[in-house]
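> Any chance you can model this:
(chains A and B)
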Amino acid sequence: MHAAVVVFPGSNCDRDLAVAFERAGAKVSMVWHKDTDMPKGVDIIGVPGGFSFGDYLRCGAIAANSPICRSVVAHAERGGYVLGVCNGFQILTETGLLPGVLLRNAGLKYICKPVDLKVETSDSAFTTGYAAGSTMTVPIAHHDGNYFADDETLARLKGEDRVAFRYAENPNGSRDDIAGILSDNRRVLGMMPHPERMAEKSHGGTDGAAMFTGLVDQLATA
Amino acid sequence: MKARVHVMLKNGVLDPQGEAVRHALGALGFDGVEGVRQGKVIELDLADGTSEAQVKDMCEKLLANTVIESYSVEMI
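Prediction:
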């Protein structure tokens, strides 16, 4: 399985994401934001956390219009897999690959702490390693993680079983406690919490590892 | 020529920053501030002949996120 991790100026979780994919058995290529094409044979693109372009204008807005993001969108439109974590989730909403938007946290503070997440669906390559209804603990680290979508979009996400994760205790004001959502073909996942930061024992827990091993298993046999 | 773009959160989208400003005004003794909405003003220096339609296109593609924000364009 071949994963590409996109690097923007201001990304700071790119190496963590690459290591998580590598430890799960994937081959990883790092891709610079000015590149226009993905390496051949990429199965999944990781869009990492951080503060791409200093969060200027809106979080993710400048990155979403960078040359490499045209390839990310084209990859997703061909049915390819994309994982966006934290700033990566913000970027994916700005590209339109995922609905809604991430607003400033309701409490206005940057929050960095482990949180409990409820896995809402195991019906995706990202969550196949988890039982629906189970709880996992992974860190959040964001200032703008307050998920907002209009009523119609929320109803559609729920009706189509596209809410992947909810917070056990809502830390940031997200509507309907949403922490992560899937695209309509279930191949694009955006989530604010960081599974790559809870993927080996030295992280203090391994609850995030099953996402990467699950993806490698699913995509290697695809 | 210039254009001035105003970007505001749409009605119905909570604005926690505006709310914090409202509280701070109350703490300073300014009574009667019933609501604060915070937005952005973006000034563009434009080549002569740039149309308002082009500026609106810029708003749709980058300057505003129309999921949560509305915008207005002032050609000056």
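> ok, is the least confident helix or strand in chain B by mean pLDDT in contact with chain A or not?
Across the helices and strands of chain B, mean pLDDT, DSSP states H and E gives its lowest value to helix B:16-27, namely a mean of 93. Yes. Contact of helix B:16-27 with chain A (Cβ under 8 Å from any Cβ of the partner chain) involves B:P16, B:Q17, B:A20. To be clear about C-beta, it is placed using only N, CA and C from the backbone, and glycine gets the same treatment.
> Helix or strand next in line after that helix, which one?
Downstream of helix B:16-27, the first helix or strand assigned by DSSP states H and E is strand B:40-45.
> Identify all contacting residues around that next one.
With contacts defined as Cβ atoms under 8 Å, 6 or more residues apart in numbering or on different chains, strand B:40-45 is touched by B:M1, B:K2, B:A3, B:R4, B:V5, B:H6, B:V7, B:V55, B:M58, B:L63.
> What are the buried residues along that strand?
The neighbour-count check on strand B:40-45 (16 or more other Cβ atoms under 10 Å in any protein chain shown) flags B:I42, B:L44 as buried.
> Pull up the pairing partners for that strand, direction included.
Next to strand B:40-45 in the sheet, as set by DSSP bridges, lie strand B:2-9 (antiparallel).
> Quick one: the strands in chain A, in order.
Under the criterion DSSP state E, chain A contains strands at A:2-7, A:27-32, A:44-47, A:81-85, A:101-103, A:111-119, A:135-142, A:146-148, A:163-167, A:178-182, A:188-191.
> out of the ones you listed, nearest to chain B?
Smallest distance to chain B across the strands of chain A (Cβ to the nearest Cβ): 4.9 Å, for strand A:101-103.
> Show me what counts as buried in the closest one.
Applying a neighbour-count criterion of 16+ other Cβ under 10 Å, one finds A:V101, A:L102, A:L103 buried in strand A:101-103.
> which other helices and strands contact that strand?
Judged by 3 or more Cβ pairs under 8 Å, 6 or more residues apart in numbering or on different chains; DSSP states H and E, strand A:101-103 is in contact with helix A:87-95, strand A:146-148.
> would you list these in TSV and tack on mean pLDDT and distance to A:N185?
Compiled in TSV, the helices and strands packed on strand A:101-103 are given as follows (pLDDT from 0 to 100; distance: least, Cβ to Cβ, whole Å):
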stretch	mean pLDDT	distance to A:N185
helix A:87-95	98	14
strand A:146-148	97	20
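> can you tell me which residues contact the closest residue to A:A20 other than its chain neighbours?
Once flanking residues are discounted, A:A20 sits nearest to A:E196: 4.0 Å by Cβ to Cβ, 6 or more residues apart in numbering or on different chains. Residues in contact with A:E196 (Cβ under 8 Å, 6+ apart) are A:C13, A:D16, A:L17, A:V19, A:A20, A:V85, A:G208, A:F212.
> From one end of stretch A:73-85 to the other, what's the distance?
Taking Cα to Cα, to the nearest Å, stretch A:73-85 runs 16 Å from one end to the other.
> With stretch A:103-122 instead?
27 Å.
> Now that stretch: buried residues?
The neighbour-count check on stretch A:103-122 (16+ other Cβ under 10 Å) flags A:103-106, A:111, A:114-115, A:117-122 as buried.
> With stretch A:155-171 instead?
A:L157, A:R162, A:V163, A:A164, A:F165, A:R166, A:Y167, A:N170, A:P171.
> quick one: is it near chain B?
No. With Cβ under 8 Å from any Cβ as the criterion, chain B is not reached by stretch A:155-171; the gap is at least 13.5 Å.
> So for that stretch, mean pLDDT?
Taken as a whole, stretch A:155-171 has a mean pLDDT of 98.
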